[in-house]
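*Asks:* Need coordinates for the below:
(chains A and B)
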Protein chains: 2
Amino acid sequence: MVLNEMRKDYLLDRWVVIATQRKRRPTDFVRKHEPAKTGACPFCPSNESMTPAAELVYLRSKGGKIRKEQDADGFRHKDWLIRVFPNLFPAFTPPESEKKGTEKKNAFLGEAVGHHDVIVESPRHDEHPGVASVRQLGLVVDAYVDRLEFLLAKPYVRHVSIFRNHGAEAGASLSHAHSQVIATPFVPQIVREEMDASKRFWKNHGECALCNILKKERRSERFIWENGSFVVFAPWASVNPLEFWILPKKHQASLLDTGRRERLDLAVAFRVCLGALKTLLDDPPYNYGLHIVPKREAVEFYHWHIEIYPKLAIWAGFEKSTGIYINTVTPEDAAASLKEATKKEEKGIKA
Amino acid sequence: MVLNEMRKDYLLDRWVVIATQRKRRPTDFVRKHEPAKTGACPFCPSNESMTPAAELVYLRSKGGKIRKEQDADGFRHKDWLIRVFPNLFPAFTPPESEKKGTEKKNAFLGEAVGHHDVIVESPRHDEHPGVASVRQLGLVVDAYVDRLEFLLAKPYVRHVSIFRNHGAEAGASLSHAHSQVIATPFVPQIVREEMDASKRFWKNHGECALCNILKKERRSERFIWENGSFVVFAPWASVNPLEFWILPKKHQASLLDTGRRERLDLAVAFRVCLGALKTLLDDPPYNYGLHIVPKREAVEFYHWHIEIYPKLAIWAGFEKSTGIYINTVTPEDAAASLKEATKKEEKGIKA
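*Replies:* Next up, the predicted model:
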C-alpha cells in the first residue's frame, strides 16, 4: 500500500496531506447539478459489511452491562451501541511494521503514517449529541478515551486529534451520528502553538493560562453554563459566530486524566450545550475538536478543552490570505443567547 | 462612530475583528429555507446611489484615454469603467484623525483602524476575470496599484491586502465582478510568517526563497503556464484542490514594483488562468489574494505573488483544530489539467 504524502509549504510551517488514497481527478470537481444521493446508510446496523471491519465495539450484555470487544469483527455484531473502524479513505494509515514508523524524507516531505478512525456514536441514525440520551453520550466519551489510550500506545504516534463534523456544510459526508479520530506522527501546528504559549504563561505567571482564563470567564458576560466538572463560555476572540469552549474545572492535560464522574459530566455538557445550539438555530452545521496534550510532552502547563465552531460564516479571500478573521457576532451576544438556551435545554433533560 | 474591536486569542497569535458595524444577532443565523434574494444589483451602473460615494473612478475620455478621479462623487458618473468605494459594512475603518491612528488597548485588544474598499471591476455585471477583456483586466490591475499607493501613504496603515471572492460558496455576497481591499494597522500573521521564513532563507542561502522555487517549479510537473513576466504553477503543498500561484519572474517585493508591460502581462495571466479554471470546472467558486510586502519592511528578501484557491473542499473539524490540511487532488494532477486548459484558453483569446 502506498502511504499518503505529507508536504510542507515553501515558507509557512503548514503541512498538507496529499490524500492519494482517496485521490480524485481534477474533473471530479466539475459542478454537478444533481439531487443529493440517497441509499442505505453504511453506518446503520445491518449495513456493517459496507464499512471496514470494526476495531472496537461496545455491546450490551445481559444485565445491562457494557461489554467491549477490541479488533472485533463488526460483521458478527449487529447489536452494537458504539462501533469504531478505520475510515475507508484514510488521511493517515498505519506503517507496515510498528517499529518502522514514519519517515521524514526531507524538510518538505514525510509519510502520512498514523490512524484515521470513525466512531459511530449510536446505532440510531439521528442520535446526534444535541438530542442523544446522556447515557449514550457517556459511551461516546468512553470511546474517545479508549481510542486515545489505544492510539497513544503506538510507537509512531505523537498526537491524537478527536473531532466531529455535523451537517454537510461542516464537512460531514454522511449524516449518521459519528466522530472521527486522527493519530499523527507529529504535533500539529495549532497544538504546538498552544503548548508554547501555555508554557510561556506558566513560566511568567507560575499559573496555567487557561485556569486563569476559566476563573475570569466564569464571572464574565461570556459565561454560558457549568456543571460540577466543566465550564462553558464564548471565548474572548471567537473566530466563529456562536463559538463556545468547554473547559474542565480541574487543571488536566488530557481527557485521559478525567475520572468516571467527569466523563458523565462531559456527556451532560455535550447534551445541554449542543442541544441549546440546535434549538437556538434550527440544527446548524458545526465542527468540534478536542484540544489535548501530545504524547511525551511535559504536561504540567497544558489545560485540555473542547472548541465548538458553528459553521455560520464563510472564510474567504481575506481570512485565507492573512490569517485575520472577521466575526459578525460579538462573543458577549453569543453567550447571552446560548446561556438562555442552555437553561431551557437543561429543564427539558431533567423533565 | 464606534470602531470595530480587534481581539487576540488567549493563546494563539490569531486576531479576530469583532465587526460590530455589521453586527448580527445570534438569531439572524436561524436557518432560512427561502429562495435567494433578487433585485437590483447595487454595483451596476445607474444604481450608484445604493453604495457609498466613490473614492476613485476610472472614466473613458474622448479619444479613448482613461481619466482617473479621486474622491469622485460616483453619483455624477454613470459612464465609469472602474469604481472604488468603501465597503458598506467595513471590517476596518479610518480613524477620526489621521494622526491619531490606531490604539492598542492591551495585548489582547486593539481598534480595527484602517480601510475596507470595494473595487467594482467592470460596469458589466458578469465581466469576471475568466471572461473579461484583457484591456478591462488591465484597468483592474491599475486600480490595485492606485489603491496600494493611496492606502500605504496613510500613517496608520502597515499592510494592504487585496483579494477577490468569486461565487457564493467562496463568500461573495454579490455576484457583480468585484475585488476588495483591506488596509490594516498591523502586519497579518500569514504575511509575517512568510516574511520571517523568506528572511531566514535569504540569510542561509544568499538567495530569495521564491526565486529559487520559481526556477525549480518552472521545470517541474507542477508547471502550468508562463508569459514574459509571470510563471504560474500548482504549489508543492497545495492546501486546496486545483490551487495555483502566479509569481513574477523578476524578484520584486510588491505589485508596486511592476512596470507597464508587467501589469498588462498580469492581466493576461488572470484572463488565461482564471478562464482555464472556469472552463475546466464549469465556473467554480474561488478566492485569490495578493501577497505583498508590508510598509516599512526591509524588502530585499520578499517576493510578491498571487495565490488562487478554488473552493472545492470544506475545511472541517480536523483542519480547524490542528492546522493540518487534507487535499484529495495531487498538485501534479491539478497542474496537468490546468496546463492543458490554459493552452486552449490562450488560443481562444488570440483568436
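*Asks:* what's the average pLDDT for stretch A:133-142?
*Replies:* The average pLDDT within stretch A:133-142 is 97.
*Asks:* So the closest residue to A:Arg218 other than its chain neighbours: helix, strand or coil?
*Replies:* Leaving aside its sequence neighbours, A:Arg218 sits nearest to A:Val231 (CB to CB, 6 or more residues apart in numbering or on different chains; 5.3 Å). Every C-beta, even on glycine, is put in place using the N, C-alpha and C of the backbone. Using DSSP: H, G, I helix; E, B strand; the rest coil, the structure places A:Val231 in strand.
*Asks:* Please give me every residue in contact with A:Glu300.
*Replies:* For A:Glu300, the contacting residues are A:Trp202, A:Ala253, by CB atoms under 8 Å, 6 or more residues apart in numbering or on different chains.
*Asks:* what's the pLDDT at it?
*Replies:* We have a pLDDT of 88 for A:Glu300.
*Asks:* so is A:Arg7 in a helix, a strand, or just coil?
*Replies:* Once three-state DSSP is applied, A:Arg7 turns out strand.
*Asks:* ok, it touching A:Thr20?
*Replies:* No: counting by CB atoms under 8 Å, A:Arg7 does not reach A:Thr20; the two are 11.5 Å apart.
*Asks:* Compare the two (neighbour count), which wins?
*Replies:* A:Arg7 (24 against 17; other CB atoms under 10 Å in any protein chain shown).
*Asks:* quick one: that one from chain B, how far?
*Replies:* Distance check for A:Arg7 against chain B: by CB to the nearest CB, to the nearest Å, it reads 4 Å.
*Asks:* moving C-terminal of the one helix or strand in chain A whose mean pLDDT sits lowest, what's the next helix or strand?
*Replies:* The weakest-scoring helix or strand in chain A, judged by mean pLDDT, DSSP states H and E, is strand A:104-106 (a mean of 76). As assigned by DSSP states H and E, the chain's next helix or strand after strand A:104-106 is strand A:109-111.
*Asks:* after that following strand comes which helix or strand?
*Replies:* Counting by DSSP H and E, the next helix or strand C-terminal to strand A:109-111 is strand A:115-120.
*Asks:* how about the helices in chain A?
*Replies:* Here chain A has its helices, by DSSP state H, at A:134-152, A:189-205, A:209-217, A:260-281, A:317-322, A:331-350.
*Asks:* other SSEs contacting the third one?
*Replies:* For helix A:209-217, the packing partners by 3 or more CB pairs under 8 Å, 6 or more residues apart in numbering or on different chains; DSSP states H and E come out as helix A:189-205, strand A:230-233, strand A:244-248.
*Asks:* Run through who's touching the longest one.
*Replies:* Contact partners of helix A:189-205, identified using CB under 8 Å, 6+ apart, comprise A:13-15, A:159, A:187, A:207-210, A:212, A:291, A:293-294, A:297-298, A:300-303, B:10-13, B:321-324.
*Asks:* swap in the last one?
*Replies:* The set of residues external to strand A:244-248 that reach it, using CB under 8 Å, 6+ apart, is A:210, A:213-214, A:224, A:229-235, A:258, A:262, A:266, A:269-270, A:273, A:303-308, A:334-335, A:338.
*Asks:* What of the second one?
*Replies:* Contacts made with strand A:230-233 from outside it, assessed by CB under 8 Å, 6+ apart, are listed as A:214, A:217-218, A:220, A:222-226, A:244-249, A:262, A:265-266, A:269, A:273, A:335, A:342.
*Asks:* switch to 6 Å and redo it
*Replies:* Contact with strand A:230-233 is made by A:214, A:217-218, A:222-225, A:244, A:246-248, A:265, A:269, A:273, as judged by CB atoms under 6 Å, 6 or more residues apart in numbering or on different chains.
*Asks:* Ok, stretch A:207-219 next?
*Replies:* A:Ser198, A:Phe201, A:Val231, A:Phe233, A:Leu247, A:His251, A:His303, B:Tyr10.
*Asks:* Make JSON lines from those and add distance to B:His178 and pLDDT to it.
*Replies:* Listed next are the contacts of stretch A:207-219 as JSON lines, based on distance: CB to CB, whole Å; pLDDT from 0 to 100:
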{"residue": "A:Ser198", "distance to B:His178": "42", "pLDDT": "93"}
{"residue": "A:Phe201", "distance to B:His178": "43", "pLDDT": "93"}
{"residue": "A:Val231", "distance to B:His178": "43", "pLDDT": "98"}
{"residue": "A:Phe233", "distance to B:His178": "38", "pLDDT": "97"}
{"residue": "A:Leu247", "distance to B:His178": "42", "pLDDT": "98"}
{"residue": "A:His251", "distance to B:His178": "49", "pLDDT": "96"}
{"residue": "A:His303", "distance to B:His178": "44", "pLDDT": "96"}
{"residue": "B:Tyr10", "distance to B:His178": "36", "pLDDT": "77"}
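*Asks:* List, one by one, the residues from the stretch 101-250 of chain A near chain B.
*Replies:* Within the stretch 101-250 of chain A, the positions near chain B by CB under 6 Å from any CB of the partner chain are A:161, A:163-165, A:171, A:182, A:188-190, A:193-194, A:197, A:213, A:236-237, A:239, A:242.
*Asks:* Just the buried residues of those residues.
*Replies:* A:161, A:163-165, A:171, A:182, A:188-190, A:193-194, A:197, A:213, A:236-237, A:239, A:242 (16 or more other CB atoms under 10 Å in any protein chain shown).
*Asks:* list the contacts for A:Ala183?
*Replies:* Here A:Ala183 is in contact with A:Gly114, A:His115, A:Leu151, A:Val157, A:Val160 (CB under 6 Å, 6+ apart).
*Asks:* Could you report the neighbour count for A:Phe108?
*Replies:* 14.
*Asks:* what about it, distance to A:Ser254?
*Replies:* Counting by CB to CB, to the nearest Å, the separation of A:Phe108 from A:Ser254 is 31 Å.
*Asks:* care to break chain A down by domain?
*Replies:* Domain segmentation of chain A under automatic domain parsing yields A:5-12+A:41-189, A:193-350.
*Asks:* where does the nearest residue to A:Val131 once chain neighbours are set aside land on pLDDT?
*Replies:* Sequence neighbours aside, A:Gly275 is the residue nearest to A:Val131 in space, at 6.6 Å (criterion: CB to CB, 6+ apart). Here the pLDDT value assigned to A:Gly275 is 97.
*Asks:* Could I get the buried residue list for stretch A:221-235?
*Replies:* A:222-227, A:229-235.
*Asks:* What's the separation between A:Asp282 and B:Pro45?
*Replies:* A:Asp282 is 39 Å from B:Pro45, by CB to CB.
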